[in-house]
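J.: kindly generate the corresponding structure for this input.
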Amino acid sequence: MSLLNFTSLDFDQIKETLKQYLQSNSNFTDYEFEGSNLSTILDVLAYNTYITSYNANMISNEVFIDSATLRENVVALARNIGYVPRSKKASIATINFTVEPGITPPPTTITLKKGPVAASNAFGGQSFVFGLTKEVTKPVIDGVASFLELDVKEGTVVDQKFPYSTNNINQRFILSNAGIDLSTLEVYVRPSSTSTLLSSYTRQDSLFDAVTGSSITKDSLIYYIQEIEDEQYEIIFGDGIFGKELSDGNIVEVSYILSNGSEANGISNLTFAGKCTYNRNAVENTITSGISLVTANTPSSGGDEIESVDSVKKYAPQIYSTQNRALTSNDYEILIPNKIYPETESISVYGGEELVPPQYGKVFISIKPRTGDFVPNAIKENIKRDLRKYSVAGIVPEILDLKYLYLETESKVYYNTSLAPNALMVSSIILNNINKLAASAELNKYGARLKYSKFLKVIDQSHESVTSNVTTVEMRRDLRLAIDQFAEYAIDFGNQFHISSMDGFNIRSTAFRVLDIGNEVYLYDLPNTDKRTGTLGLFSLDAPGSTTPMIERSNVGVVNYNTGRITLNPINIVSGKTKDAQQILEISVVPESNDVIGLQDLYLQLDTSNVEMIIDEIASGADPSGSTYTVTSSYTDRKIVR
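T.: The predicted structure follows:
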């Protein structure tokens, strides 16, 4: 009888199958397996089969990128389709300090040497060093050298040298450290150990020059990089066809920064730890005094960890599918974070044909950076320049600033007093859970959606005493104002507005002042009979807190309730609400659906959440009949101003 096929990797079933096979053999008829030495042999055979099957299963999993779990296997599979995982990113601090050496006559220049520049005090129990990979020279003016707006990166500057020999056919150039920030990697080649000539090599990811777009030639000074085992990197030089080939006796010199990644973010208290020098009579002298305190413009930021295994498994096939060209919006959404601007936290891309009116030939890109709210203008220009290597001629990319759509919630939470020590404790737990939702990846991305039912569930499941909740939602946009000049304004909410009254005042705003109107005014709306559009006007209040509006001006703009777009005709606004040193106008509306989406370039932000605790007298047993039960409206209060 042939051995039965295994249908399970269970040890006991494997052993039972082996036993059945032996029992079917005439040599083992009426043999007692359980109490004999043969049972031990069956155990060994079953264990061997079990372990072999397990190993075969794991090996099969590791040869496919979707099922692989070990980083070196995932990286190797990604390498086969031309994907290099993102390295660690060093945190950057922008610092200022001056050097007044007090030397007579003063030197003409002062040089800040490569290596450590500033160090932090113990931050979270750890000290961090910020440095430079290249020396910086500044002129001495009136006896002072000013090192201003100097970007220094956290980490240790490391130098390595590799002598190249044609006799070593298996020679590899492996950077023998983990935690390298590849953006700081600099590669040079000397013809020989005695030569003073130093050639700089640039990194390439394809067979086309990243700057000129032309093909790589046999004389191109380029290198390729790939991640290998243990999060280390290997440098690969040209072969004489694609890229210049190394010659016997060449010396490869590399410099890079070993970083702690995101651990060094948020540091602003730094002290000088560098070395400043000046030359006199062909002698280099070190400056030991006259160095001012180091000040940081903003806390250090931008540090990030090496790309995770899950991220590699997600993006490697997507990058491969783009074939290094940007044709669809999905191509842009993949290429920009992975090839052009790794600091991208979330991105939204849409074509101009989706706008009203359409703008053909344009693609609009909105980026949420990992640090800060806006991408600097200089970075925008760099992104647009780099996109030319991938995009189709005739398509003009436009990078838009981040637009927040704020969500404000009001929750009336019913709770059972017999299950809670006090209302304050329960409300604090609820607010903490809401804040966790606000910080989660579910909301902090483009194309996010506030899922109303899940929001209610977060509240209901916060504590066992919560019996129910009634929550209302409002949307808010902050309109930046052009002060003391006539300007036309348009602002989109990307969601349909709810019309609670045909008498108007469905839109609320903060107070602002307009030229030729003495009082502070507010926006109001008046719907048309079609309930699709309406007109806007201005009103004032005779006293703070009044509910009686005085119409100051009508027909100052239009509103489209269906698309969620508000447009103001040219108007001269002289003041508004001050926020972050900007004059703004807060506008809020009630959405038609409580499932609010972040359309196109709108980025959802759960801004304020108010929680009011109400005793559930029925559940608490104080009023089983519900005669004095507190009823809460499911609709927002009819306020006319913010």
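
J.: going by C-alpha atoms from here, please, whenever you check contacts or count neighbours.
T.: OK.

J.: distance of residue 360 from residue 330?
T.: 18 Å (CA to CA, to the nearest Å).

J.: swap in residue 387?
T.: In terms of CA to CA, residue 387 sits 14 Å off from residue 330.

J.: more crowded one of those two?
T.: Shown here are residue 387 and residue 330; by other CA atoms under 10 Å, residue 387 has more neighbours (20 against 14).

J.: which stretches of this structure have low pLDDT?
T.: Confidence mapping of the chain against pLDDT under 70 gives the ranges 1-9, 11, 21-38, 122-125, 208-214, 356, 372, 623, 625-627.

J.: max-length helix in it?
T.: If you go by DSSP state H, the chain has its longest helix at helix 37-62.

J.: got the buried residues for it?
T.: 42, 43, 46, 47, 49, 50, 62 (16 or more other CA atoms under 10 Å).

J.: reformat those residues as JSON lines; add distance to residue 72.
T.: Output for the buried residues of helix 37-62, formatted as JSON lines (distance: CA to CA, whole Å):
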{"residue": "42", "distance to residue 72": "37"}
{"residue": "43", "distance to residue 72": "35"}
{"residue": "46", "distance to residue 72": "31"}
{"residue": "47", "distance to residue 72": "29"}
{"residue": "49", "distance to residue 72": "27"}
{"residue": "50", "distance to residue 72": "26"}
{"residue": "62", "distance to residue 72": "10"}
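
J.: surely residue 358 touches residue 364?
T.: No. With contact defined as CA atoms under 8 Å, residue 358 does not count as touching residue 364 (11.8 Å).

J.: common neighbours of those two, please.
T.: residue 352 (CA atoms under 8 Å, 6 or more residues apart in numbering).

J.: so between these two, which is more surrounded?
T.: Each of residue 358 and residue 364 has its neighbours counted (other CA under 10 Å); residue 364 has more, 19 against 11.

J.: the more buried one in helix, strand or coil?
T.: strand (DSSP: H, G, I helix; E, B strand; the rest coil).

J.: for the closest residue to it other than its chain neighbours, give its distance to residue 340.
T.: Leaving out its chain neighbours, the residue that sits closest to residue 364 by CA to CA, 6 or more residues apart in numbering is residue 398, at 4.9 Å. Residue 398 sits 15 Å away from residue 340, going by CA to CA.

J.: go on, residue 49?
T.: Computed as CA to CA, the residue 49 to residue 340 distance reads 50 Å.

J.: how about residue 572?
T.: 41 Å.

J.: just residue 437 next, same as before
T.: From residue 437 across to residue 340, the span is 30 Å (CA to CA).

J.: ok, residue 369 - contacts?
T.: Neighbours of residue 369 in contact, by CA under 8 Å, 6+ apart: 343, 344, 345, 346, 375.

J.: and the first one, its phi and psi?
T.: What it means is residue 343. Per-residue torsions, residue 343: phi -80, psi 0 (degrees, to the nearest 10).

J.: and it, how far is that from residue 230?
T.: Distance from residue 343 to residue 230, by CA to CA: 24 Å.

J.: just want to know which of these two has more residues nearby.
T.: More neighbours surround residue 343 than the other of residue 343 and residue 230, with 19 against 12 (other CA under 10 Å).

J.: show residues contacting stretch 62-80.
T.: With CA under 8 Å, 6+ apart, stretch 62-80 has contacts from 61, 84-85, 226-231, 309, 312-313, 316-317.

J.: buried ones among those?
T.: Members of the contacts of stretch 62-80 classed as buried by 16+ other CA under 10 Å are 84, 85, 226, 227, 228, 231, 309, 312, 313, 316, 317.

J.: residue 288: which of the residues you listed is nearest?
T.: Minimum distance to residue 288 across these is 39.3 Å, recorded for residue 231 (CA to CA).

J.: how about the contacts made by residue 164?
T.: Listed by CA under 8 Å, 6+ apart, the contact set of residue 164 reads 171, 246, 247, 248, 249, 250, 251, 252.

J.: buried ones from these, can you make that a PyMOL selection?
T.: Here is the PyMOL command that selects the buried residues among these (16+ other CA under 10 Å):
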select buried, resi 246+250+251+252
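
J.: could I get the contacts of residue 164 in TSV, plus columns for secondary structure and distance to residue 371?
T.: Listed next are these as TSV, based on DSSP: H, G, I helix; E, B strand; the rest coil; distance: CA to CA, whole Å:
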residue	secondary structure	distance to residue 371
171	coil	41
246	coil	41
247	coil	44
248	coil	46
249	coil	45
250	coil	42
251	strand	39
252	strand	36
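
J.: wait, which of the contacts of stretch 62-80 is closest to residue 418?
T.: residue 309 (47.8 Å).

J.: number of residues surrounding residue 515?
T.: For residue 515, using other CA under 10 Å, the count is 14.

J.: nope, residue 489 is what I was after
T.: For residue 489, the neighbour count with other CA under 10 Å is 16.

J.: what about the helices in the stretch 301-450 of the chain?
T.: With DSSP state H, counting those that start in this stretch, the ranges of helices along the stretch 301-450 of the chain come out as 309-322, 329-335, 377-387, 423-439.

J.: for residue 112, which of these is the nearest?
T.: Within those, the stretch nearest residue 112 is helix 377-387; the backing value is 25.6 Å (CA to CA).

J.: next one: that closest one to chain centre, how far?
T.: 18 Å (CA atoms, centre = their mean, to the nearest Å).

J.: and that helix, what's buried?
T.: Burial within helix 377-387, assessed by neighbour count using 16+ other CA under 10 Å, is assigned to 380, 383, 384, 386, 387.

J.: one more: stretch 103-113?
T.: Buried residues in stretch 103-113, counted by 16+ other CA under 10 Å: 106, 107, 109, 110, 111, 112, 113.

J.: OK, contacts around the last one?
T.: What that stands for is residue 113. 132, 134, 135, 136, 274, 275, 276, 277 are the contacts of residue 113 under CA under 8 Å, 6+ apart.

J.: nothing else from me, thank you.
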